[in-house]
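In: what's the 3D shape of this:
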Amino acid sequence: MHLSKPSLLAAVVLAAMMPALPVHAEATASAELRAVQLQLVDLAPGDGITPSVTFAPFGASQGRASISFNRPGSSGSEESTFSGLFGAWSPGAASVDGLFGRSSASLVGPGSPAGSALRVAGSATGPGGGFCLPGQFDFNTCFTANANFSASASPDGFFASFTLSPNTLMVLRGDLSISAAATGGGLVDQSSFFQFSNGDSALASFSMQLSGPGPLGNGSQNSNDGRSVNAFAFYDTFNRVFVPSSNSFTGSVAVSFTNLTNDPLSGNYALSVSASGFAFGDARLVPEPGTWALMLGGLAAVAALARRRRA
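Out: Next up is the predicted model:
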């Protein structure tokens, strides 16, 4: 079904006359790496070298928080970022709070790995106001509404380097908590007898990696640890309800790097936490013009009868 511009405009006006639709439940997600510990083990106590690690002075911690929404007639987005002023592992925070969502990202700590924490979180609520123009099985006539959020934080945006002292084992560990939940969604009424659903979704993830030359200076070594959880709400057509979904993980994570040579050994590290989510609103079917005429005619008749009674 293809509508002319006047017909489309009329349909939009009619949709605007409909009562406001209720908003649906949220998509939420969060990730936190806390109590970060940096452990150095001396593998040759008699060599007189004190275990140490030096992180490259260039680079900076980074974080980003964003939200956006889109619905017929209006849309919007907000974003906030931070970049550490004093190199990798520098504290920083970013946050946004809007009509249909919120998001935040931060790195807190002393400016070094030990004792630092990375946190991200966000939520989105599906906005109302979506509608479908009359047109059986024609998805192009539906104007849905949705909102989303995303957040990420890292001690040094991308791969950063470090140098480990001779005959030393480095272990980087922390306590991780990640969670994701989706508790609703949006229904799209395409026709008087055809309906489909958009379930809300959310994702939280964490990754950490140490890599570089092998312990003896040749070959390679790669230690990584990662976790992710996601949630997706689906529509139970029999009971006519969205079935919520949630997942989480809480536990310790760790990576290591070994130098068995008598010289300093350089490697790379990467660490990040992230969270994102998507939420939908309903899209109701706009009545046919003839149906509107009948409705308006009925309202006029009721109003006229009320006037006569008052007279």
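
In: can you map out the strands along the stretch 101-250 of the chain?
Out: Listed in chain order, the strands of the stretch 101-250 of the chain (DSSP state E, counting those that start in this stretch) span 101-108, 117-125, 130-132, 142-143, 146-154, 160-164, 168-182, 185-189, 195-199, 201-212, 221-232, 234-236, 241-243, 245-259.

In: So, low pLDDT: which residues of the chain?
Out: In the predicted model of the chain, residues 1-25, 57, 135-140, 157-159, 192, 288-311 satisfy pLDDT under 70.

In: and the most centrally placed residue in it, what is it in contact with?
Out: By C-alpha atoms, centre = their mean, the chain has its centre lying nearest to residue 276, at 0.9 Å. By C-beta atoms under 8 Å, 6 or more residues apart in numbering, residue 276 lies in contact with 29, 122, 148-151, 202-203. Using the backbone N, CA and C atoms, a C-beta is placed for each residue, glycine as well.

In: Now render these as CSV, adding distance to residue 182.
Out: Output for the contacts of residue 276, formatted as CSV (distance: C-beta to C-beta, whole Å):
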residue, distance to residue 182
29, 9
122, 13
148, 12
149, 12
150, 15
151, 16
202, 5
203, 10
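
In: Which of the residues you listed are buried, as a PyMOL select command?
Out: Selection of buried members from those for PyMOL, criterion 16 or more other C-beta atoms under 10 Å:
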select buried, resi 29+122+148+149+150+151+202+203
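
In: follow-up on the earlier one: tell me the buried residues in the one helix or strand the residue nearest to the centre of the chain maps to?
Out: Assigned by DSSP states H and E, residue 276 belongs to strand 265-280. Neighbour-count burial for strand 265-280 flags 265, 267-280 (criterion: 16+ other C-beta under 10 Å).

In: Within the sheet, what are the partner strands of it, with directions?
Out: Sheet pairing of strand 265-280 (DSSP bridges) gives strand 146-154 (antiparallel), strand 160-164 (antiparallel), strand 201-212 (antiparallel).

In: Just say which of those is most tucked in.
Out: strand 146-154 (a mean of 27; mean count of other C-beta atoms under 10 Å).
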